[in-house]
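[1] Could you work out the structure for the sequence below:
(one chain, ligands or ions: 2)
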Amino acid sequence: MKAVSNYRETMGYDILAVNPGSTSTKIAVFRDREERFREEIEHDAIFLDSHQEIKEQFPIRRDMVLTCLKKHSYRVEQLCAVVGRGGLLPPVKAGGYTVNQAMKDRILKGPISPHASNMGALIADAVAAPLGIPAYIYDAVSSDEFMEISRITGIPEVVRQSFCHVLNSKAMARKAAEEAGKSYGEMNFLVAHMGGGISFSAHRHGKIVDALSDDGGAFSPQRSGSVPIIYIVDMCYSGKYTKAELMRKIRGDGGLKAYLGTYDCREIEEMIRRGNQKAELLYEAQAYQVAKGIGQLAPALKGNVDAIILTGGMAHSKMLTDWITDYIKFLGPVRIMPGEMELEALAYGALRILQGREKANIYQDELYQ
Ligand SMILES: Nc1ncnc2c1ncn2[C@@H]1O[C@H](COP(=O)(O)OP(=O)(O)O)[C@@H](O)[C@H]1O
Ligand SMILES: CCCC(=O)OP(=O)(O)O
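    Numbering: from 1, shown residues only. Ligands and ions are numbered 1, 2, ... in the order given. Okay, here's the model as predicted:
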């Protein structure tokens, strides 16, 4: 394989990591574990509104990634692999997958839950294929390590699927384990990823055995979280909303933004400092809902919690993390790990595959066999 011939003992493996998000595409080039450069390509509302389908967005985002590499005077021939964020595929294993035709078909032809992360595989493949190097996804949103009991709902036709911020949640849990001088597989964590969307995951000995997705737990800066379903059924049949409008209330225009007109928590904290009581109530409700999400997953670990990890952009907020800590500290030690390390997690995963320390899985999709 060309990746092997590209490998230079003294230089290491060059890996491009690509993380397409709802409003930006983040990329970075790593040489082994060392970051050479990174860039966040912002997508404006006009572009996003006029190209709502993944099929339309992906070639433009791909070209933007290539232009960005050129801007850094980076020669793509040096790359040994490209790795993208894995999206909302049918349940897959945690870890790496080689992007193949079946995966691309599923993403382009569906059925698949719409999410920008689905483009990770497509962009990785589009950059890698002309170079003859492998394209991977790693720790996809739909990585499934659930206990059977975690899948049950009260409506037999509805099976709970494992969706959460797997990439960052596992990366932070691995880091916390490393800092405790143990392996990820030896420890138990409850992780709250608090970004534009919020998800929760229970990690038992290196596996996410239960999780609450962005529509199953707390509301977030721009998402509704779980809402009593009877009201949602009424809204669906009220004739007042299209499906797309209701979806926007769940993802995009829900949560703090729906109440306060902004999803920027720094702005909300400024409102609170200026005495806005509505903002204070809602922001504490945000903290309280995060605490409840963590509490809801505690039984998955039967209370054996080595650490509760608060991560994502909102973990930068002392106001929020202090409130959350106050509600949950009785469950276990709380670790604040602000921000995310998704690009690193992608690149390190691909590196383990290139070095032969992990094997890439082969994606199979029964719909397209
Ligand atoms: N210093 C901070 N204090 C409070 N909130 C913050 C801070 N930095 C970022 N945030 C909030 O974190 C959220 C975005 O988190 P991030 O992990 O970057 O999200 P995503 O990657 O999902 O877009 C936003 O609501 C933003 O306002
Ligand atoms: C929980 C599903 C994944 C998700 O919501 O990712 P983003 O927050 O990046 O949109």
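
[2] Would you mind listing what in the stretch 51-200 of the chain touches ligand 1?
    Within the stretch 51-200 of the chain, the positions adjacent to ligand 1 are G195, G196, G197 by CB under 6 Å from any ligand atom. C-beta: built from backbone N, CA, C; applies to glycine.

[3] Out of those, which is nearest to D49?
    Closest approach between these and D49, by CB to CB: G196, at 17.3 Å.

[4] show me the contacts for the closest one.
    The neighbours of G196, taking CB atoms under 8 Å, 6 or more residues apart in numbering as the test, are G21, S22, S220, P221, Q222, R223, Y263, G313.

[5] Phi first, then psi, for E178.
    Main-chain dihedrals, E178, degrees, to the nearest 10: phi -60, psi -40.

[6] Give me the spatial nearest neighbour of it, chain neighbours excluded.
    Excluding the flanking residues, the one nearest E178 by CB to CB, 6 or more residues apart in numbering is Y184, at 8.0 Å.

[7] Thought M172 was touching that neighbour, still the case?
    No - if you go by CB atoms under 8 Å, Y184 and M172 don't touch, sitting 10.3 Å apart.

[8] taking the residues of the stretch 51-200 of the chain next to ligand 1 one by one, which sit in strands?
    With DSSP state E as the criterion, strands contain none of these.

[9] Quick one: residues contacting the residue of the chain found nearest ligand 1.
    Among the residues of the chain, G313 lies closest to ligand 1, at 2.2 Å counting by CB to the nearest ligand atom. Remark: with contacts taken as CB under 8 Å, 6+ apart, G313 is in contact with M194, G195, G196, C265, P338, G339, E340.

[10] G195 too?
    In this structure, G195 makes contact with H165, S220, G312, G313, M314, E340, judged by CB under 8 Å, 6+ apart.

[11] Can you tell me the SS state at A285?
    When classified by DSSP: H, G, I helix; E, B strand; the rest coil, A285 comes out as helix.

[12] Neighbours of the nearest residue to it once chain neighbours are set aside, how many?
    What sits nearest to A285 in space, not counting adjacent residues and going by CB to CB, 6+ apart, is F219, at 8.0 Å. Close neighbours of F219, defined as other CB atoms under 10 Å, add up to 26.

[13] switch to numbering from 58
    Noted, 58 is the first residue going forward, which turns the last one into F276.

[14] Was I right to think F276 contacts G312?
    Yes - if you go by CB under 8 Å, F276 and G312 touch, sitting 4.1 Å apart.

[15] Overlap of the contact sets of these two?
    Residues touching both F276 and G312 (CB under 8 Å, 6+ apart) are G282, Q343.

[16] Please give me every residue in contact with the closest residue to I289 other than its chain neighbours.
    Distances taken as CB to CB, 6+ apart place L303 nearest to I289, at 7.9 Å, with adjacent residues excluded. If you count contacts by CB under 8 Å, 6+ apart, L303 has them with I289, M292, C293.

[17] on that earlier part again, ok, the residue of the chain closest to ligand 1 to A364 distance?
    Using CB to CB, to the nearest Å, G370 is found at 20 Å from A364.

[18] Same question for V216.
    30 Å.

[19] now swap in T378 and tell me
    From T378 across to A364, the span is 14 Å (CB to CB).

[20] likewise S277?
    With distances taken as CB to CB, S277 is found 22 Å from A364.

[21] quick one: which of the two has more around it?
    A count of neighbours by other CB under 10 Å puts S277 above the other of S277 and A364, at 27 against 21.

[22] if we can go back for a sec, are any of the contacts of G253 buried, and which?
    G78, S277, P278, Q279, R280, Y320, G370 (16 or more other CB atoms under 10 Å).

[23] Number of residues surrounding G282?
    Neighbours of G282 using other CB under 10 Å come to 23.
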